[in-house]
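Visitor: What follows is a protein structure lacking sequence information:
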């Protein structure tokens with residue numbers, strides 16, 4: 001299973017060949033791709049056409065109270081990280097997902113602070 005952050009969506013939107021190939025292969029293999037709703041909010045700017053359809057291929061995870069609390073606790077430990085980054089890593093940790101990101105530094109700091117089992121891979 002896979003979790004995308006904003007950088008992954010941007011890479012797909014920009015038609016990054018490696019990211020498109022990865023997503024195509026993952027979907028063909030039956031992998032579930034999750035995008036936390038806060039990532040959608042950070043990325044969405046009224047896209048149209050094929051770009052808007054990116055979201056048709058993924059599961060959008062709504063930010064509930066439990067996940068929001070876990071992410072908030074992480075922000076108390078990892079100074080300078082964003083709520084979106086904390087939600088992405090906490091979300092992936094609950095499923096054991098691989099995270100695809102354009103922001104390795106902050107996500108690695110979050111992972112190292114609370115979620116050592118989360119795998120993170122750079123895109124773009």
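Guide: Good, I have the coordinates. Predicted model, so just to flag it, every value in this text is computed and none were measured.
Visitor: Which stretches in the protein count as helices?
Guide: Secondary structure of the chain (DSSP state H): helices at 6-13, 17-28, 37-43, 49-52, 65-77, 83-95, 104-114.
Visitor: Dump those into CSV; add distance to residue 59 as well.
Guide: In this view, the C-beta of every residue, glycine as well, is placed from N, C-alpha and C. Below are these laid out as CSV (distance: least, C-beta to C-beta, whole Å):
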stretch, distance to residue 59
helix 6-13, 14
helix 17-28, 12
helix 37-43, 11
helix 49-52, 16
helix 65-77, 14
helix 83-95, 10
helix 104-114, 20
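Visitor: which of the ones you listed is buried the deepest?
Guide: Burial of these is given as mean neighbour count (mean count of other C-beta atoms under 10 Å); helix 83-95 ranks first at a mean of 24.
Visitor: what's the angle from it to helix 6-13?
Guide: 90 degrees (axes from the mean of the first three to the mean of the last three C-alpha atoms, to 10 degrees).
Visitor: If you average the pLDDT over helix 83-95, what comes out?
Guide: The average pLDDT within helix 83-95 is 96.
Visitor: Tell me the helices and strands packed up against that helix.
Guide: In terms of contacts (3 or more C-beta pairs under 8 Å, 6 or more residues apart in numbering; DSSP states H and E), helix 83-95 is packed against strand 2-4, strand 33-36, helix 37-43, helix 65-77, strand 98-101, helix 104-114.
Visitor: quick one: contacts of it?
Guide: Contact partners of helix 83-95, identified using C-beta atoms under 8 Å, 6 or more residues apart in numbering, comprise 1, 3, 5-6, 34, 36, 38-39, 42, 61, 63, 67-68, 70-72, 74-75, 78, 97-99, 101, 103, 106-107, 110-111, 114-115, 117-118, 120.
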